[in-house]
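Undergrad: Can you look at this prediction? I've put the sequence above it.
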Amino acid sequence: MAGHSLTFVPLQQLRIWYTRNNLYTALSFAKHGVFVRYVKLSNFAYFRIGKRSVHQLHCCKSGGASQAASKKTVIQVLRERGLLDQTTGPEVEKLCQKPVRIYVGFDPTAESLHIGNLLGIVILRWFQAHGHQPVVLLGGATGKIGDPSGKSAERPLLDDETIAKNLQGIKRNFEQILVFSHDSFNPVEPIILNNDDWLGKMGFLEFLRDVGKYTRVGTMLGKESVRNRMNNEEGISFTEFSYQLLQAYDFVHLHKHYGVDLQAGGSDQWGNIVAGKDLARRLLGANLHGLTFPLLTSSDGRKFGKSEKGAIWLSPEKLSPFEFYQFLYQTSDADVIRLLKYLTFLPLSEIGELELSMKNSSFYKPNTAQKLLAEEVTRLVHGDEGVKFAQRVTSASSPGRLVEESILDFDTLRQLKDEIPSKEIRKEHLLKKSLIEVLVECGIMKSKSEAKRFIINGGCYINNRRVEELDRSIGQEDLVENSMLLLGIGKKQKILLVAVE
Ligand SMILES: Nc1ncnc2c1ncn2[C@@H]1O[C@H](COP(=O)(O)OP(=O)(O)OP(=O)(O)O)[C@@H](O)[C@H]1O
Ligand SMILES: N[C@@H](Cc1ccc(O)cc1)C(=O)O
C-alpha cells in the first residue's frame, strides 16, 4: 500500500470526504458504528467495511446524486484488469452505462464453491459496486442434468438429497462473500434464485413445444461442448446435449420475470450464454447480452475446478482458512500480479506499483505481493477472523521465529491441531522425560542419534523456541495451558503433543 494513506474513521463521519481536489459524498454505508478503512479516494473510494473486504465504490461528486462513482464503466474496469474474455458485442458497454441486472449461474455439483468460481463472484461484486444488481442463479435443476461444457466425459447423475445439501453449502458461500447489507444506501442487494423453481415445474411436452421448437439442432451440434464430446468414443447423452437449452431458457425466464439483461460466466460458458441470447431473440424478440471472463488456471495451465484433485474450496469446513491462505501465499512470482488483478479489488495503480517494485529486487521484500494476495482474498472469503486465524497458525507453525511473533496460546495450538500431525501422550509419561526420547517416541525422529544431531545443529524447537541443551527434558512449564506442546524439527517438520491425564 506504499504511497497511500490509511485512515480509520467511523462510518458516520465518512459521509462527506474532502480530497485534495474534489468533494465526494460516499453513498454506500453499511451498519451503524461499523468501522471503515479508507484505502484510497480518487475516482472512487475503496472502503473496507467491518469484517469483509468490501471496497464499496458508491461515491459521487458533491450533490449526492446517485450517479456511478467512477467515470469508468464496469466493463472498462473489467477489461483493464484482464477480466474480460468475450462479450456479445459493443452494446454491452453501452448497456452498462445504466444500472442493469446481471446473472451468473452455479450448479450445485459440490458442497462448496471453489477458487475458480470465485472469479464469477468477484465479477458480480464489481457490478454491484458500480450500482448494478447481481443475480446469483443456483442450478437446482441444471445440477440434475450436468453441463457438458469443458468436460471430456459424461457427469454422474446426482440424487436429490445430494443436490439439496450442495445447494445449502454454496448458498452459504454467496452469503459470506456478496454484500447483502440492507439499507437505503445500498440499493443493489443481490438476489439469489434457484432454477428448479421454474424448470422443475415444466413438463417435457411443454418444454419441447415452448423451447425446443425455437431451437435449431444444427446450432446446438455446433457448440464446442458438444463437438468435443461427439469426437470421442463415448459421445454425449441426450441429457447433457439438452443442457444448453435449459440454461438458454433460464436467461429468457430471468429476463421476463426479473428484468435480467446480461449473463456472465467463465469462458467455457460462452456457448450456453449465446444459446440464451438466441432463444430470447426468437421467443421474445429481446436483445440480451453476455460476457465471459477467463478461466483461472493453475501454474501448469489446468482449469481450477471442483473435479480437480486438491480443489481450493471456499467453505471453511472443506478447506481451513489457513490452508486457503497458504495456497495463495504460495503463488509464484509469475502469477501473483495477474491474480491480484483478478481476485482483489485493490486499485490497479497500487498493483502496478507493486509490480514495478518486484522488478527492482533491491527494494522488494520477497513475497510481499503473495502476502497481500493471501490477505485480501482470504479476507474476502473468510472475513477478518479468517485472516487472523491463518496468520496466527502460519506464524505458530514456523519455527525459529521470535517468541513474541508467534504467541502459542491455547487457541492457536488447538487450531494448529487440525493443520499438522498431532499425538496424544499420557502426561505422566511425558513430564520429566528427556526430549531425545520424546522425539523418537512420537515418531518425528527415527533414532536417538538422529535426534541428537538435530539438537546439536540447532534444528530442534519446543514451542518454537530453539533447544540448546542436549540433556533437555520436558517440564510442566512446556505445556501450554497444561495440555499441549509443539515440537519442531528443521524448517518444516512439526508435531503437536497433546498431554492427557
Ligand atoms: N477455474 C475457473 N475459472 C473461472 N471460472 C470458473 C472456473 N471454474 C468454474 N468457473 C465458472 O464458475 C461457474 C460455475 O461453474 P461450475 O461450478 O458448474 O463448474 P466447475 O466448478 O468448473 O465444475 P467442474 O469442475 O465439475 O467442471 C461457471 O461460470 C464457470 O465458468
Ligand atoms: N452451466 C453453468 C451453471 C449455470 C446453470 C444455469 C444457468 O442458467 C447458468 C449457469 C456451469 O456449469 O458452470
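TA: Now that the structure is in, tell me what you want to look at. Numbers count the residues shown, from 1 in each chain. Ligands and ions are numbered 1, 2, ... in the order given.

Undergrad: quick one, what contacts residue 427?
TA: 479, 499, 500, 501 (C-beta atoms under 8 Å, 6 or more residues apart in numbering). To be clear about C-beta, it is placed using only N, CA and C from the backbone, and glycine gets the same treatment.

Undergrad: cool, and residue 196?
TA: Counting by C-beta under 8 Å, 6+ apart, residue 196 touches 140, 141.

Undergrad: any low-confidence regions in the stretch 401-501 of the chain?
TA: 401-407 (pLDDT under 70).

Undergrad: Let's verify the residue in the stretch 301-450 of the chain positioned nearest to ligand 2: helix, strand, or coil?
TA: Nearest residue of the stretch 301-450 of the chain to ligand 2: residue 305, at 9.5 Å (C-beta to the nearest ligand atom). Under the three-state scheme (DSSP: H, G, I helix; E, B strand; the rest coil), residue 305 adopts coil.

Undergrad: what about it, how many residues close to it?
TA: For residue 305, the count of nearby residues is 20 (other C-beta atoms under 10 Å).

Undergrad: what sits against the closest residue in space to it that isn't next to it in sequence?
TA: Nearest non-adjacent residue to residue 305, counting by C-beta to C-beta, 6 or more residues apart in numbering: residue 116, 5.6 Å away. By C-beta under 8 Å, 6+ apart, the contact set of residue 116 is 266, 295, 296, 303, 304, 305.

Undergrad: how does it look with 10 Å?
TA: Residues near residue 116 by C-beta atoms under 10 Å, 6 or more residues apart in numbering: 266, 295, 296, 297, 298, 303, 304, 305, 306, 308, 311, 312.

Undergrad: For ligand 1, tell me which of those residues show up nearby.
TA: 266, 295, 296, 303, 304, 305, 306 (C-beta under 6 Å from any ligand atom).

Undergrad: Quick one: buried ones out of those?
TA: 266, 295, 296, 304, 305, 306 (16 or more other C-beta atoms under 10 Å).

Undergrad: Contacts only, for the third one.
TA: By that I understand residue 296. 114-119, 266, 303-305, 312, 335, 338-339, 342-343.

Undergrad: What residues does the most centrally placed residue in the chain make contact with?
TA: The residue lying closest to the centre of the chain (C-alpha atoms, centre = their mean) is residue 118, at 4.2 Å. Contacts for residue 118 (C-beta under 10 Å, 6+ apart) come out as 125, 173, 177, 296, 304, 312, 314, 342, 343, 377, 380, 381.

Undergrad: What distance do you get for it to ligand 1?
TA: Using C-beta to the nearest ligand atom, to the nearest Å, we find residue 118 at a distance of 8 Å from ligand 1.

Undergrad: Then residue 293?
TA: Here residue 293 is placed at a distance of 6 Å from ligand 1 (C-beta to the nearest ligand atom).

Undergrad: mind checking the SS state of the spatially closest residue to that residue that is not a sequence neighbour?
TA: Excluding the flanking residues, the one nearest residue 293 by C-beta to C-beta, 6+ apart is residue 83, at 5.0 Å. Counting by three-state DSSP, the backbone at residue 83 sits in coil.

Undergrad: Nearest residue to residue 381 in space, please, no chain neighbours.
TA: Closest residue to residue 381 apart from its sequence neighbours, by C-beta to C-beta, 6+ apart: residue 314 at 5.3 Å.

Undergrad: Up against ligand 1, what does the chain have?
TA: 104, 106-107, 109, 114, 116-117, 119-120, 147, 150, 265-266, 268-269, 295-296, 303-307.

Undergrad: what about residue 472, how many residues close to it?
TA: The local packing of residue 472 (other C-beta under 10 Å) involves 16 other residues.

Undergrad: what's the answer for the one 10 residues further on, then?
TA: The local packing count at residue 482 equals 10, with neighbours defined by other C-beta under 10 Å.

Undergrad: Do I have it right that residue 242 meets residue 223?
TA: No. The criterion here is C-beta atoms under 10 Å, and residue 242 misses it with residue 223 at 11.8 Å.
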